[in-house]
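> Predicted model follows, preceded by the sequence.
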Amino acid sequence: MQAARGTALTRPRVLLVLVALLTILLDLATKLLVVARLEGKEHIELLGGFLTFAVSRNSGAAFSFAEGATVVFTAIAVAVIVVIVRTMPRLRSTGWAVTLGLLLGGAFGNLVDRLFRDPGVGRGAVVDFISLPHFATFNLADSAITVGAVLAVLLSVRGVEIDGSRHTAE
């Protein structure tokens, strides 16, 4: 019985790592692909122009907020990663595993850009390439962070705790 309990306790952590790794790999692969194939070239329109792929660089946060504060967003990404990793030992919830995996993968994907892209370490601009009409240009890491944030709100509203317990309003 102890071995089964130990396995059950590690499943959410394994799921978090798998979701984070998949998010990171997809984000980095798509960024490498679009930079290699699209940078400096005509954009690609799909679905009658509803979806456009065009490379842009963002030194700020989502929606190009606070451009020029890249060092601040680099520090925030590192802090988010540290908090999620420190939370892992208490993780028992599948929902929170997926949520934190998306947040971790998204934060790490954009952190890689900030650390290794021009103009230099900790000041690099994030590669964005997905554009919708009347909306900001974004990437898969941004999407993962957004979905993770929405899931975090939903889990919190439903009273689901990191450890899998439920908190009910009195």
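Happy to help now that I have it. Numbers count the residues shown, from 1 in each chain.

> residue ranges with poor pLDDT in the chain?
The model of the chain has pLDDT under 70 over residues 1-9, 60-69, 122, 169-170.

> Apart from its chain neighbours, what residue comes closest to residue 121?
Leaving aside its chain neighbours, residue 121 sits nearest to residue 115 (5.7 Å; criterion: CB to CB, 6 or more residues apart in numbering). For every residue, glycine as well, the C-beta is placed using N, CA and C.

> got a list of contacts for the longest strand along the chain?
In terms of residue count, the longest strand belonging to the chain (DSSP state E) is strand 51-58. For strand 51-58, contacts defined as CB atoms under 8 Å, 6 or more residues apart in numbering pick out 34-35, 38-40, 43-46, 64, 67, 117, 125-132, 137.

> go with 6 Å
With contact meaning CB atoms under 6 Å, 6 or more residues apart in numbering, strand 51-58 is reached by 34, 38-39, 43-45, 64, 125-126, 128-129, 131, 137.

> coming back round to it: my reading is that the residue nearest to residue 121 lies in a helix. Confirm?
Yes: according to DSSP: H, G, I helix; E, B strand; the rest coil, residue 115 belongs to a helix.

> which is the next helix or strand following the longest strand of the chain?
From strand 51-58 onward toward the C-terminus, using DSSP states H and E, the following helix or strand is helix 70-87.

> separation between the residue nearest the centre of the chain and residue 151?
Nearest to the mean C-alpha position of the chain, by CA atoms, centre = their mean, lies residue 106 at 1.6 Å. Counting by CB to CB, to the nearest Å, the gap from residue 106 to residue 151 is 12 Å.

> Redo the contacts of strand 51-58 as JSON lines? Include secondary structure and distance to residue 28.
Listed next are those as JSON lines, based on DSSP: H, G, I helix; E, B strand; the rest coil; distance: CB to CB, whole Å:
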{"residue": "34", "secondary structure": "helix", "distance to residue 28": "11"}
{"residue": "38", "secondary structure": "helix", "distance to residue 28": "16"}
{"residue": "39", "secondary structure": "coil", "distance to residue 28": "15"}
{"residue": "43", "secondary structure": "coil", "distance to residue 28": "21"}
{"residue": "44", "secondary structure": "strand", "distance to residue 28": "20"}
{"residue": "45", "secondary structure": "strand", "distance to residue 28": "24"}
{"residue": "64", "secondary structure": "helix", "distance to residue 28": "21"}
{"residue": "125", "secondary structure": "coil", "distance to residue 28": "15"}
{"residue": "126", "secondary structure": "strand", "distance to residue 28": "12"}
{"residue": "128", "secondary structure": "strand", "distance to residue 28": "14"}
{"residue": "129", "secondary structure": "strand", "distance to residue 28": "13"}
{"residue": "131", "secondary structure": "strand", "distance to residue 28": "20"}
{"residue": "137", "secondary structure": "strand", "distance to residue 28": "18"}
